[in-house]
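S.K.: Model the following, please.
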Amino acid sequence: MITIRSRQLGEIEVTQDSLLTFPTGIVGFPAIQKFVVLDVADDCLYQWFQSMEEPDLGFVIVDVHLFNPEFQVEISNEGLAELEIGQTDPVLILAVVTIPSGHPEQATANLRAPLVVNLRTRKGKQLILNESLPLRFPLLVEEEDNQQEVVATKEAASV
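M.R.: Modelled structure (predicted):
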């Protein structure tokens, strides 16, 4: 077990196999390469993406397939090689969530810059996709509105 510190969650013990490595970091934090995904609560769809190197660096995230099972991205050959993704490797696509202070009903997910993780190698990369994908996809919307937004996110993009 490894003990990590999180400003938001305190000291937490994690297993070595829960470690995710982002060799090129994430946008705005290229030197931070080791992260862990933590469950917030058993009944919560959101998770916490915590830096193992910087206690103050953590983000709320969500698996994009929980609200859009059709969401796809095309990963360049470079990206596939960097993440060592093979045809049978399970891949996780996460979106960083923004929750406005005092207005959780206005939570949005950044679909334009998803975190892609090869679950076999535990390597990840933040992709920057084309501008047709929303930077602020509303997570809590009326069903009819949600269907219109989801259609816009089905377009795959290359990096």
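S.K.: Strands along this protein, start to end?
M.R.: 2-6, 10-14, 19-21, 34-39, 47-51, 58-63, 91-98, 108-118, 123-126, 137-138 (DSSP state E).
S.K.: just the angle between the first one and strand 34-39, please?
M.R.: Which is strand 2-6. Interaxial angle of strand 2-6 relative to strand 34-39 (axes from the mean of the first three to the mean of the last three C-alpha atoms, to 10 degrees): 80 degrees.
S.K.: any weak-confidence spans in this structure?
M.R.: 141-159 (pLDDT under 70).
S.K.: now the strands of the chain in JSON lines, with distance to Val73 and mean neighbour count?
M.R.: C-beta here means a position set from N, CA and C on the backbone, and glycine is covered the same way. What follows is these, written out as JSON lines (distance: least, C-beta to C-beta, whole Å; neighbours: other C-beta atoms under 10 Å):
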{"stretch": "strand 2-6", "distance to Val73": "28", "mean neighbour count": "15"}
{"stretch": "strand 10-14", "distance to Val73": "27", "mean neighbour count": "11"}
{"stretch": "strand 19-21", "distance to Val73": "18", "mean neighbour count": "17"}
{"stretch": "strand 34-39", "distance to Val73": "19", "mean neighbour count": "19"}
{"stretch": "strand 47-51", "distance to Val73": "18", "mean neighbour count": "21"}
{"stretch": "strand 58-63", "distance to Val73": "13", "mean neighbour count": "19"}
{"stretch": "strand 91-98", "distance to Val73": "7", "mean neighbour count": "19"}
{"stretch": "strand 108-118", "distance to Val73": "6", "mean neighbour count": "22"}
{"stretch": "strand 123-126", "distance to Val73": "11", "mean neighbour count": "21"}
{"stretch": "strand 137-138", "distance to Val73": "14", "mean neighbour count": "20"}
